[in-house]
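# Sharing a model prediction with you, sequence too.
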Amino acid sequence: MSEVGKGSSILRTVAPLLALFIILTIGGALLPYVLPEETVPTMPPVTPPSAVLDSLQIGTSQIRVPVDLKTFAEKAKRGEVSVSINVWTSLTPLEAMAFNSIISQFGREYPGIKVNHRGAAANMKEVLRASIRDAENSAHVLSWTHNWTGELAEGALIVSLSQVLPRETLEDLRAQYAPFAYSAGIYKQELYGLPWAAESTVLICNADLTGGVLPQRFSQLEEIMARYHKPERGTYGLAWQVDPYHVYPIVTAFGGFYYDEEKDQLGLNSPGTVTGFFLLSHVLPYMFTRDVGHEAQLSLFEEGRAPCIITGSWNVLRIGEKVRNILVGPVPEIEGKTPRPFSAVRLMWVTKAAESDKDRLYASLLFVLWFTLNDNVAKTLVEEARLVPVKLSAIDFVRKNAEKYSAVAGALSAVANGALLPKSTKMAKVWGPLREALSAMISIYNEKGKEEALRQLRPLLEEAQRKAAS
């Protein structure tokens, strides 16, 4: 019998969840955060500008920078310059509160720089593209997840840090962050953005409903789902936002993929992808499938109508406001296979709009350096926004205080398991066809049942592959 035809046996035999070692291991090891040797980023071969260097202290970090930038920073501290920069982000309301308090910290340290924070619209790329020549009103610093890097760089919307900072500065920066996070800012061998947080898909359980258990194996999760699932009473076994991003962990557990950036290969209809989507048939019977969108599924969990949810780690803060006792960890292993969710790194880029004025360019660079290197910033983001840090010293802080920051430590484990979202512009062609395929599968499941949905699964993925390749 094929792997797809094994039915519920897929969910029976699993191994311990290795990713939790990042929390449990005692000592200084940060191995789960180190990429395999061949994927650890090397310094871009681009020859940066030569410069006379000086040392710039940011929190506990010390980096070599051009003396002009150091002089500007000193003047900004003394209020001897007056420059304003626009920072555009896309944050949840609770994250934005933490972000704004951090901006206030920056303003107190550098009174010569005024930071105008704007929460951008959903079409932020288009807004930036339309305004990039408006030096006063466009973004000077932009933040989003790293998968935008390729499109922003190809569109000449962001500044290559490899072109404006000397090699010594890049070397010092590289040593500050987890290797995968630093590599997230590299596109075509040039450094464009600096990392400040990471996120991934996680399993969150209501400890009061699971008896204090966070499943480490999918079979454990299935037992909880079966025990709690009573739709006639309005309760369901699991909440899960079913879309291409959030179901990716089960796809990768069986060797599936959407797009292999290294091989430049699509895999929407690969055997592993088909098998991974097939696993949904073991989960959908325990779910409320009439609305598998973000708000509907999140509400089920927040209202205590589902014991666990598979969702983005960025929802930890919101959920923690409504559910008193939560447990956070990676998506459980399936038959000894470790799911690899998409991991995304939040970057800060300096945009081309900042280049028109040297002081504004330096102010933008200084803000990005200060924000991503300052340990107090990272601690604020952990404590107030429950965001996963990427600076090595901040990762070590969370690891050493895992009991206090258990939700962040659990999300850290999921990030460590993750696969970075591709930065290639070709990935943009994948999302639409995959969303259509998943939506069609859910509709068929709701209207005609599981067997028909499974029968249509491969043709749906074949069609998604064809559209993504066109």
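Happy to help now that I have it.

# mind listing the helices in the stretch 301-450 of the chain by residue range?
316-322, 358-373, 375-385, 392-400, 406-417, 428-448, 450-469 (DSSP state H, counting those that start in this stretch).

# Can you say which of these is packed in most?
Stretch with highest mean neighbour count among the helices of the stretch 301-450 of the chain: helix 406-417 (a mean of 25; mean count of other Cβ atoms under 10 Å). For the C-beta atoms, the positions are set from N, CA and C on the backbone; glycine is no exception.

# Of all the helices of the stretch 301-450 of the chain, which one comes closest to Ala156?
The closest of the helices of the stretch 301-450 of the chain to Ala156 is helix 358-373. By Cβ to Cβ, the value is 15.6 Å.

# one step back: how about TSV for the helices of the stretch 301-450 of the chain, with distance to Thr92 added?
Putting the helices of the stretch 301-450 of the chain into TSV (distance: least, Cβ to Cβ, whole Å) gives the following:
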stretch	distance to Thr92
helix 316-322	7
helix 358-373	18
helix 375-385	8
helix 392-400	20
helix 406-417	15
helix 428-448	21
helix 450-469	30
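
# Which of the helices or strands spans Pro195?
Element membership for Pro195 (DSSP states H and E) is strand 193-206.

# okay, the angle between that strand and helix 375-385?
Orientation note: strand 193-206 sits at an angle of 30 degrees relative to helix 375-385 (axes from the mean of the first three to the mean of the last three Cα atoms, to 10 degrees).

# angle of strand 193-206 against helix 406-417?
With the same axes, to 10 degrees applied, the angle from strand 193-206 to helix 406-417 works out at 120 degrees.

# For the helix or strand just after strand 193-206, buried residues please.
Counting by DSSP H and E, the next helix or strand C-terminal to strand 193-206 is helix 207-210. By neighbour count on 16 or more other Cβ atoms under 10 Å, the buried set for helix 207-210 is 209-210.

# check contacts around the closest residue to Thr210 other than its chain neighbours.
Nearest non-adjacent residue to Thr210, counting by Cβ to Cβ, 6 or more residues apart in numbering: Pro307, 5.2 Å away. Contacts for Pro307 (Cβ atoms under 8 Å, 6 or more residues apart in numbering) come out as 205-206, 209-210, 224-225, 228, 237-238.

# What residue in this structure is the furthest from its centre?
Glu80 (38.0 Å; Cα atoms, centre = their mean).

# In contact with that residue: list those residues for me.
Contacts of Glu80 (Cβ under 8 Å, 6+ apart): Gly112.

# residue ranges with poor pLDDT in this structure?
1-50, 120-121 (pLDDT under 70).

# can you list the domains in it?
4-24+200-342+422-469, 41-198+344-420 (automatic domain parsing).

# one step back: nearest to Phe342, out of the helices of the stretch 301-450 of the chain?
Nearest of the helices of the stretch 301-450 of the chain to Phe342, taken as Cβ to Cβ: helix 406-417 at 10.2 Å.

# What is that closest one packed up against?
Packed against helix 406-417, as judged by 3 or more Cβ pairs under 8 Å, 6 or more residues apart in numbering; DSSP states H and E, are the following elements: helix 21-24, strand 193-206, helix 316-322, strand 326-329, strand 342-350, helix 392-400.

# so which of these comes closest to Gly336?
Each of these was scored for nearness to Gly336 using Cβ to Cβ, and the closest is helix 21-24 (16.0 Å).

# Just after the closest one, pick out the following helix or strand.
strand 53-58.

# Mind listing residues that contact that next one?
Residues outside strand 53-58 that contact it (Cβ under 8 Å, 6+ apart) are 62-67, 69-71, 73, 166, 168-169, 369-370, 373-374.

# Just the buried ones from those residues?
For these, buried by 16+ other Cβ under 10 Å: 63-66, 69-70, 73, 166, 169, 369-370, 373-374.

# For the stretch 101-250 of the chain, which segments count as helices?
So, for the stretch 101-250 of the chain - with DSSP H, counting those that start in this stretch - the helices run 124-131, 149-154, 161-164, 167-174, 179-184, 207-210, 218-228, 248-253.

# most tightly surrounded among the ones you listed?
Buried most deeply of those, by mean count of other Cβ under 10 Å, is helix 248-253, with a mean of 26.

# does Glu463 really touch Leu434, like I thought?
No: counting by Cβ atoms under 8 Å, Glu463 sits too far from Leu434 to count as a contact (10.6 Å).

# count of residues packed around the residue nearest to Pro341 when sequence neighbours are not counted?
Excluding the flanking residues, the one nearest Pro341 by Cβ to Cβ, 6+ apart is Thr201, at 3.7 Å. Residues near Thr201, counting by other Cβ atoms under 10 Å, number 28.

# residues contacting Thr201?
Taking Cβ under 8 Å, 6+ apart, we find Thr201 in contact with 245-246, 248-249, 310-313, 331, 341-342, 414, 418.

# Repeat the analysis, applying 7 Å as the threshold.
246, 248-249, 310, 312, 331, 341-342, 414 (Cβ atoms under 7 Å, 6 or more residues apart in numbering).

# Quick check: bridge partners of it?
The partner list for Thr201 in beta bridges (DSSP bridges) reads Gly312.

# Tell me how far it lies from Gln189.
Thr201 sits 29 Å away from Gln189, going by Cβ to Cβ, to the nearest Å.

# Wait, Met287 touches Gln241, no?
No: if you go by Cβ atoms under 7 Å, Met287 and Gln241 don't touch, sitting 10.4 Å apart.

# okay, now the residue nearest to Asp264 when sequence neighbours are not counted: neighbour count?
With Cβ to Cβ, 6+ apart as the criterion, Asp264 has its nearest non-adjacent residue at 7.4 Å, and that residue is Lys426. Per other Cβ under 10 Å, the neighbour tally for Lys426 reads 16.

# What of Lys423?
24.

# what's near enough to touch it?
So Lys423 contacts 146-147, 149-150, 187 (Cβ under 7 Å, 6+ apart).

# Next, format those as CSV and append distance to Ile58.
What follows is the contacts of Lys423, written out as CSV (distance: Cβ to Cβ, whole Å):
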residue, distance to Ile58
His146, 22
Asn147, 27
Thr149, 23
Gly150, 28
Tyr187, 25
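
# Just the closest of these to Ala394, please.
Comparing those against Ala394 with Cβ to Cβ picks out His146 as the nearest, at 17.7 Å.

# Wait, that closest one touches Ala184, no?
Yes: the pair formed by His146 and Ala184 meets the contact definition of Cβ under 7 Å, at 3.8 Å.

# Common neighbours of those two, please.
Joint contacts of His146 and Ala184 (Cβ under 7 Å, 6+ apart) are 345, 347.
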